[in-house]
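> Okay, structure incoming, though there's no sequence with it:
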C-alpha cells in the first residue's frame, strides 16, 4: 500500500468519531493554501427552533378554546406559551411579562369577559398582555361570537380593530378556532420564510448561550449586583465566588450579575448547572456540554476546552459548586488555557484556589425592629417587598395593612432575611395570616428555637422553615415531598407516577403535587411542550435526609432507577429509526435523571442494569456527545465489580476502548480488546453487540493505520450485512459509510459514491435521520469532487436541513462548508467567504478538529481568488453568525438548482437525487 493511502487512513482518526470528514474530498493534485479567517447574518429564525406562541385569554371562561389552540400550535411543532403551563409560585404579571419577552407570536382569544383587575391596577391582565406585546411581534386575534361582551372588552376589541399590526377573525366553536389558528400560523410561517429569502441579511450579534430564564424580578440586590459586576469587570479577579448558605439567593444573584455584566463579555455568558454533578472527573465535561462542545471520545476534553476558550472573552457561571470543591484545582488549569474567560461561582464552601475573590452574599435587608412599623417604612424593606410579592402570587388580593405590617416585619426578621425562607412563609398566605405564621414560627413552641444547634444559624433557620412548611402539609403530601427528593432537576409527571406504587400519596398524586407547587416546595416549568418539575437543592437535601431517617431512601432510589431503565428500553428502538428526533429530545429532557439512575445502580453494584441503560442509549450518547461521561461510569464499574456478567463486562469494556481508540497508538491492544468484547457479547447471546464490537474493531484498524485494508473491508462488509439482517439499519448505514471512505482512500471515488448511495438507501429504509444526513453529506462531497456542482448543492442543502432537525450543529457546519465550496465554484466569492467564516466559528465553539489540509472548502475558496481585504472582512462577518443564521443565508444564496434538473431528466442531477 502506498504511503499516501496510509497517511490518509491515519488522518481519519482525527475526525469526529470517524464518520463525518472525508480525507480525500479535495480535488486531485490540488495543493492550495487555505484561505484566512474571520461574514452579515440573517436574523430569521428557522422553524426547527421551536417558535414560541404566546396565548392570551381569560383562563376559566375560555378553557376549551385554550386547549384547542394548544393542540393547533403543537400540531405545527411550535411551542405554546401558556400561563397554566408555567411556574405558578410567582406574581402573574411577572410571569406573563417574562413569557412575552421570550415569545415570537401573540395569539389573543376574546369571549365575553374583560378579566380580573388586580388591586392597585387600572386594567386587566388580558389588556395588559396585549399592550405589552412588542410592536414587531405578529398578533393573531380571534373573537368568539357574543351577544353580551363586557363594555371594557368591547373597548379593547375596538382598539385592536384599529391596530394595523394585528389581524382578527371571528369564530363560533373551539374546533373552528383550532382550524383557524393552525391555518393562520402556517401562513404566517410561510410569509416570514419567503421574506427571509428576499431580504438581504443584516448583521447579527455574536451568538451567546442563553442564561436560564428568571421568572421573577430580583428584589433588594441592587448594591450586591453592582459590587459583583465591578469585581468581574475590573480585570483584577478571574474567579469570583458567591458564598453563602442554601436559600440565600446565590443562584438568582448570579443570573442578575450575568445579565448586567453581559456587555463586558462580547462572547457571552454561559450558565453551568452543577447540582447534579458529583464525580470530579465530570466537572470539565459538564462545562464543555454547556458550551455546546460535543465529545465523541476522540479528543481529551481538556484540549477541546482549550481550543474553544483560547480566544473567547466570556463569563462562565458555575452554579452549586460545593460538592466539587475537591476538583476546584481544575479551574486553575482551565483559566490558564482560557486567559480571557472569567468565572462566577456559587458555592456554600470556599474554593481556595489561586485568584479566587470571595463575596459573602448577605441576607435581604429587614426593617429596623426599633423603628415605627409604618407601611411606608416597611415597604422599603427588601425582605418585606419579597414577602408581599410572593404572597400575592398565591393570594392576589393580599395587601400590606397597618394591622399586618408589624407581623410581616417581625416574620422577615425571624427568618433572618433568607429569601427562600421568606418565600416558603409567604406561600402560606392563601390559608393563614402573617400573624398566624409568626405565631407558629416564633411562638412558645417555635420550630426555630427547636432547630438543631450544630449547624450555622442561618442554615438552621432555613432548615426549620422548610420543616415547618412541610409540617403544615397533609401526611400524604409530606410523604410525596420526601419521595421526590430522589429526582434530579427536570422530572415529569409520568416519572412521578411511576414511583407511586404503595406510597401514601399514590391515590392523589396530581393533587398532592399541585399542593407542593402552590407552597413553593416544587417548581413547575415547560420544556418542549412537556410540564417538568424541579426542587431547589436545599429542599431536595431536606427531602433526602428524611428518606434516610425513615429508611425509605434505597426503596425510592430503586423505584426511580427501574423507571429510567424501562424508559431506556422503551425509547431506544426509536433512536435508530424514523422517530429519532423526538426520541432524542425526550432523552434530553430526562438526562439528569438518567445520570442519577446510573449513578445509583453503580453505587449498589447493579452492573447489569447500569450497563443496559448505557448500551441501549448508545446512539443518544454519540449524537449528543456524552461519551466521556459514559466512559467514567464504565471505568468505575470495571474497577469496582469483580463479578460482572459477560454482557455487562462487554459493554463496559466497549465504551472504554471506544475512547482509547482515539487516544492511543496501541492498535493491537484496542483491536484485541474490542474482539474480546465481541466474544463476551457472543457468550451473552447479544448478536448486535458482537457485530458492533467487530465493526468498531474494523474502524479502529482504519483510524489507527492498519495496512491490511482488504481484511478490514471484508470485516465491515460482513458487519453491514449482519446489521441489515438484524434490523439495525443505522448500524448498516455507518458500516457502509466506513466502506465508502475506504474506497475513497484507495483512489476509487466512484466506488465510494456507490457505497454512500447504498448507505443513504439503507437510512431511508429505517436507518434514521442522522444516518441519512451523514450519508447524504458524503455523497454530496463525492458529487462535488466529480464536478457535479448542482447535485452537490442539493445534497449539502438536504444534509443541512436534516442536521437542523436534529439540533446537530456539527452537521450544519459541515454542510455550510460544502455550500461554501459550491459558491466558490460558481464564482460567488463573497458568499463562500461568509459561509467559511460561519463554519470556522462553529468549528471553534464545538472544537471540531480536522487536519488543516483536509478542510476542503478553503481550497476551493483560495482557487476562486479568495484573498484580499474584502474576503477577510466577509469571513469576519460570517464568524458572527450562529449555525442556523448561516444556514438560512446559505439556502437563499446557494440555491440547490438540482431540483430543476431532476424534473427535466438531466442525467447527473437525476442520478444524484435518486441515489441520495
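Looks like it arrived, so ask away. Just so it is clear, the structure is predicted and the values come from calculations on it, not from any experiment.

> thinking residue 440 is in contact with residue 468, fair?
Yes: look at residue 440 against residue 468 with C-beta atoms under 8 Å: they come within range, at 6.5 Å. For every residue, glycine as well, the C-beta is placed using N, CA and C.

> Comparing those two, which residue is more hemmed in?
residue 468 (20 against 17; other C-beta atoms under 10 Å).

> Phi, psi for the more buried one please.
Backbone torsions for residue 468, taken as degrees, to the nearest 10, come to phi -60, psi -50.

> repeat for residue 272
Per degrees, to the nearest 10, the backbone of residue 272 is at phi -120, psi 110.

> Apart from its chain neighbours, what residue comes closest to it?
Once flanking residues are discounted, residue 272 sits nearest to residue 290: 4.3 Å by C-beta to C-beta, 6 or more residues apart in numbering.

> That neighbour: what's it in contact with?
Listed by C-beta atoms under 8 Å, 6 or more residues apart in numbering, the contact partners of residue 290 are 209, 270-273, 316.

> can you rerun that using 10 Å?
209, 270-274, 316-318 (C-beta atoms under 10 Å, 6 or more residues apart in numbering).

> could the residues you listed go into JSON lines alongside neighbour count and distance to residue 816?
Listed next are those as JSON lines, based on neighbours: other C-beta atoms under 10 Å; distance: C-beta to C-beta, whole Å:
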{"residue": "209", "neighbour count": "16", "distance to residue 816": "20"}
{"residue": "270", "neighbour count": "22", "distance to residue 816": "23"}
{"residue": "271", "neighbour count": "19", "distance to residue 816": "27"}
{"residue": "272", "neighbour count": "21", "distance to residue 816": "27"}
{"residue": "273", "neighbour count": "18", "distance to residue 816": "30"}
{"residue": "274", "neighbour count": "23", "distance to residue 816": "33"}
{"residue": "316", "neighbour count": "27", "distance to residue 816": "27"}
{"residue": "317", "neighbour count": "24", "distance to residue 816": "30"}
{"residue": "318", "neighbour count": "26", "distance to residue 816": "32"}
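
> Which of those residues fall in strands?
270-273, 316-318 (DSSP state E).

> Show me which of those residues is closest to residue 861.
residue 270 (30.9 Å; C-beta to C-beta).

> Please report how far the closest one lies from residue 252.
With distances taken as C-beta to C-beta, to the nearest Å, residue 270 is found 17 Å from residue 252.

> Residue 575 too?
37 Å.

> who has more neighbours, these two?
Using other C-beta under 10 Å, the more surrounded residue of residue 575 and residue 252 is residue 575, with 23 against 19.

> how much space between that one and residue 338?
From residue 575 to residue 338 the distance is 34 Å (C-beta to C-beta).

> now residue 112
From residue 112 to residue 338 the distance is 59 Å (C-beta to C-beta).

> Same drill for those two, tell me which one is more crowded.
A direct count of neighbours by other C-beta under 10 Å for residue 112 and residue 338 places residue 338 higher, at 22 against 14.

> From residue 625, how far out is the more buried one?
Residue 338 is 20 Å from residue 625, by C-beta to C-beta.

> now do residue 218
34 Å.
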